[in-house]
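Here is my input; please provide its structure:
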Amino acid sequence: KTLVVDEVDALEPVLYNILRKDLLRQGTRLMVNVGDKTIDYNETFRLYLSTRNPYPVVPPDAASLVGLTNFTVTHSGLESQLLGITIQQEKPDLEQQKETLLRQEEELKVSLAELEKSLLETLAKSEGNILENQKLIDALSETKSKST
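Numbering: from 1, shown residues only. Predicted coordinates for the structure are as follows:
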């Protein structure tokens, strides 16, 4: 019910009926045209095509029919994962501290984005001279103090 094809260089048009699920019904059976033959189709059928090409060329008419997944591992990504595992084994408290700091960094980024949004809203709603708008100056001061 699953077909895996390795080293695919191009997506053959003969597969488009399967990819689009252009099915024919003959009685209770589901059929699909593949080339010049009509064959039975199983609803649980899965087709996986793999290639070593990191940037496979998919024709525009087939791009919406397939899902591309890049399983390439970068050197820096692998290095980071191995370093994390090593630190977790050798110094779990250091790894916990790293996770806490990363969580705090994300929270601060969200907070900064909210402050920027608030500042822009205050700017958009301000009337008259913006240099004399005390609410705007207070919002700007708050954003400046929290961003540093």
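
Would you mind listing where the chain has pLDDT under the threshold?
Of all residues in the chain, none has pLDDT under 70.

Look through it and report the residue furthest from the middle.
Distance from the centre of the chain peaks at Glu132, with 45.0 Å (CA atoms, centre = their mean).

Tell me where the longest strand sits in this structure.
Ordering each strand of the chain by length in residues (DSSP state E) puts strand 29-34 first.

ok, that strand: who's next to it in the sheet?
According to DSSP bridges, strand 29-34 forms sheet pairs with strand 23-26 (antiparallel), strand 37-40 (antiparallel).

now what about it, what contacts it?
14-15, 17-18, 21-25, 38-43 (CB atoms under 8 Å, 6 or more residues apart in numbering). Where C-beta positions appear, they are placed from N, C-alpha and C, glycine not excepted.

From those residues, pick the one nearest Asp138.
Lowest distance from Asp138 to the contacts of strand 29-34 (CB to CB) belongs to Lys21, with 59.5 Å.

just to revisit the earlier point, which one of the contacts of strand 29-34 is nearest to Ala139?
Distances from Ala139 to the contacts of strand 29-34, taken by CB to CB, are shortest for Lys21, at 54.4 Å.

Confirm the residue farthest from the centre of the chain sits in a helix?
No - read with DSSP: H, G, I helix; E, B strand; the rest coil, Glu132 is coil and lies in no helix.

any idea how far it lies from Ser126?
Per CB to CB, to the nearest Å, Glu132 is found 10 Å from Ser126.

still on that earlier bit, need the strands paired with strand 29-34 in CSV (columns: distance to Asn70).
Putting the strands paired with strand 29-34 into CSV (distance: least, CB to CB, whole Å) gives the following:
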stretch, distance to Asn70
strand 23-26, 30
strand 37-40, 31
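
among those, which is nearest Leu68?
With CB to CB, the closest approach to Leu68 among the strands paired with strand 29-34 belongs to strand 23-26: 24.0 Å.

Tell me the buried residues in the closest one?
Within strand 23-26, no residue counts as buried by 16 or more other CB atoms under 10 Å.

Same question for stretch 19-34.
Val32, Asn33.

For Asp61, see how far away the residue farthest from the centre of the chain is.
60 Å.

same question, Leu24
In this structure, Leu24 and Asp61 are 21 Å apart, going by CB to CB.
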